[in-house]
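> Sequence and predicted structure are below.
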Amino acid sequence: MKPRGMSRITIADRRLFRLGTLVAVGLIAADQATKALMLQVMEAHPFGIQVLPFFSLVAAWNPGVSFSLLRHAGTFVLAGGAIAVSLALLFWLTRVEALVTAIGIGCVAGGAIGNVIDRVRAGAVFDFLDFYVRLPGSQDYYHWPAFNLADSSITVGVLLLLYDGLFHRVDRAKTEQS
């Protein structure tokens with residue numbers, strides 16, 4: 001018997017909920033595995049490894065969020081915020097009825113939790129992918145901030161959610177009106 005005043009969360013589509021959850025868990029595992037591997041590799045190469053003329057592997061610790069914003073906010077404030085967002089995403093996942101949305105939510109939640117693990121364990125997020133370009137006529141390289149698999153999955157997830165919101169929601173609305 002459930003306590004008075006407590007409502008049970010219903011899941012709109014169990015298959016999509018499972019898929020989104022599996023995507024999140026798979027990305028968390030892959031993110032942590034790639035970070036552990038790259039930490040070992042970078043111990044032997046403290047100045048990085050140039051892989052291509054525009055790409056290197058580096059060891060960078062980001063105490064903030066994207067582009068090192070909020071780096072002075074504190075580990076547990078940032079981790080708590082990411083956990084709150086992930087819980088909200090999982091609640092949203094219970095209401096999902098579209099494949100793209102389920103995958104997008106799984107990508108964002110998995111990436112967020114992958115970075116939370118780093119933040120709680122080390123006080124910062126380990127980034128190792130460094131892309132850069134040298135503009136014609138310049139001697140300086142312009143670097144994109146280093147990132148990791150979790151950051152990439154968050155980006156892909158947001159793009160999937162934007163795509164779904166911009167294009168598929170319109171299609172569903174037209175279908176519902178017919």
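The structure has been received and is ready for your questions. Residues are numbered from 1 along each chain as shown.
> what about the strands in this structure?
With strands called from DSSP state E, the chain shows them at 49-52, 55-62, 125-134, 141-143.
> Tell me which of those strands lies nearest to Phe17.
Evaluated over those, closeness to Phe17 peaks at strand 125-134, with 27.6 Å, by Cβ to Cβ. Using the backbone N, CA and C atoms, a C-beta is placed for each residue, glycine as well.
> list the buried ones in the closest one?
Buried residues in strand 125-134, counted by 16 or more other Cβ atoms under 10 Å: 125-130.
> Out of those, which is nearest to Ala36?
Sorting those by how near they are to Ala36, with Cβ to Cβ, puts Phe126 at the top with 9.2 Å.
> give the contact list for the closest residue to that closest one other than its chain neighbours.
Spatial nearest neighbour of Phe126, chain neighbours left out: Lys35 (5.0 Å); criterion: Cβ to Cβ, 6 or more residues apart in numbering. Counting by Cβ atoms under 8 Å, 6 or more residues apart in numbering, Lys35 touches 118, 126, 128, 148-149.
> burial measure for Pro63, as a count.
17 (other Cβ atoms under 10 Å).
> wait, doesn't Ala12 sit right on Leu93?
No: using Cβ atoms under 8 Å, Ala12 is not in contact with Leu93, being 9.2 Å away.
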